[in-house]
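> Dropping the sequence and predicted coords here.
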Amino acid sequence: MTTCCIHPSILSADFVNLESELRRIGSADAVHVDVMDNSFVPNLTLGLPVVKRIQAVSPIPLDVHLMIDDADRWAPEYAGAGVSSVTFHAEAARAPIRLARELRSAGAKAGMALRPATAVEPYLDMLGELDMLLVMTVEPGFGGQSFLDVTLPKIRRAAEAIRGGNLPVAIQVDGGITEETIGRAAEAGATVFVAGSSVYGTEDPAVAIAGLRRAAS
Ligand code: DX5
Ligand code: ZN
């Protein structure tokens, strides 16, 4: 399995200095932007106006992770802002296939996320509608939590289905990704790695990004 992408999460960045925080991760493949609504998850971060400004100044593409209710209503608005990918939660979407199609027709890659306790099996038949499947490796809502090894079989199951169907779908993992855990996720079949505290929580994010790349391969 080829590994590829490190997506630092700005959830762990300094929100007062977002523009310079983005420049510190210029060697990453994309910036992961966590949108939370204090309903789908018990935390509140930022919304569309801030995402639009980040999009305007970011040197790297935006990977938007929506941890919000009513994804059918809101996700297309983020795609319309010109970001690279929009990921909604399966648990928050009424019509995930229609929504994935809308995101793609708005010009964004379509991602769908699963909470740790959500099984992948009901969604295997719709993988072809997606560009990315996000397997949450912590309960969504907060940075700095520990990687849940219990999610590894789900990553393997998804990777197997993607290989079997010869589908161009990336598997992203998000939560508790460090130099210690990234190898296990990569071995299971993940290819896109979100890392918040293990990048922004260090002195030099560029060094941390390089370290994660080494540990993943
Ligand atoms: C958590 C967010 C993550 C978070 C990851 O719900 O979706 O993107 O920033 O943070 P770490 O890497 O610190 O677990
Ligand atoms: Zn996230």
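Yes, it's here. Numbering: from 1, shown residues only. Ligands and ions are numbered 1, 2, ... in the order given.

> count of neighbours near the closest residue to ligand 2 within the chain?
Relative to ligand 2, the nearest point of the chain is His65 (3.7 Å; C-beta to the ion). Any C-beta I mention is one placed from the backbone N, CA and C, and that applies to glycine too. Counted with other C-beta atoms under 10 Å, residues neighbouring His65 total 26.

> heads up, I number from 372, so please use that
New numbering, starting at 372: the last item is His436.

> mind listing what it touches?
403-406, 458, 482, 484, 505, 545, 565 (C-beta atoms under 8 Å, 6 or more residues apart in numbering).

> For the closest residue in space to Leu495 that isn't next to it in sequence, give me the pLDDT.
Nearest non-adjacent residue to Leu495, counting by C-beta to C-beta, 6 or more residues apart in numbering: Ala532, 4.8 Å away. Here, the pLDDT recorded for Ala532 equals 98.

> Can you lay out the contacts of His436 as TSV showing neighbour count and distance to Gly572?
Listed next are those as TSV, based on neighbours: other C-beta atoms under 10 Å; distance: C-beta to C-beta, whole Å:
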residue	neighbour count	distance to Gly572
His403	27	15
Val404	25	18
Asp405	24	15
Val406	24	21
Thr458	29	23
Gly482	26	25
Ala484	24	23
Leu505	28	21
Asp545	26	16
Val565	29	14
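
> can you tell me which of those residues are in strands?
Of those, the ones assigned to strands by DSSP state E are 403-406, 458, 482, 484, 505, 545, 565.

> Isn't Ser456 up against Ala479?
Yes: between Ser456 and Ala479 there is a contact at 5.8 Å, judged by C-beta atoms under 8 Å.

> re the thing from before, restrict the contacts of His436 to those near ligand 1?
With C-beta under 6 Å from any ligand atom as the criterion, the members of these in contact with ligand 1 are 403, 405, 545, 565.

> Quick check: residues of the chain near ligand 1?
Counting by C-beta under 6 Å from any ligand atom, the positions of the chain adjacent to ligand 1 are 380, 382-383, 403, 405, 436, 509, 511-516, 545-548, 565-569.

> Run through the strands of this structure in chain order.
376-379, 402-407, 433-438, 456-460, 480-485, 503-507, 541-545, 563-566.

> Mean pLDDT for the ones you listed - can I get that in CSV?
Listed next are the strands of the chain as CSV, based on pLDDT from 0 to 100:
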stretch, mean pLDDT
strand 376-379, 98
strand 402-407, 98
strand 433-438, 99
strand 456-460, 99
strand 480-485, 99
strand 503-507, 99
strand 541-545, 98
strand 563-566, 98
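
> Neighbours of Met407, how many?
Look at Met407: counted by other C-beta under 10 Å, it has 21 neighbours.

> Please disregard the earlier target; I meant Ala577.
For Ala577, using other C-beta under 10 Å, the count is 14.

> wait, it sits on Ile377?
No: judged on C-beta under 8 Å, Ala577 makes no contact with Ile377 at a distance of 10.8 Å.
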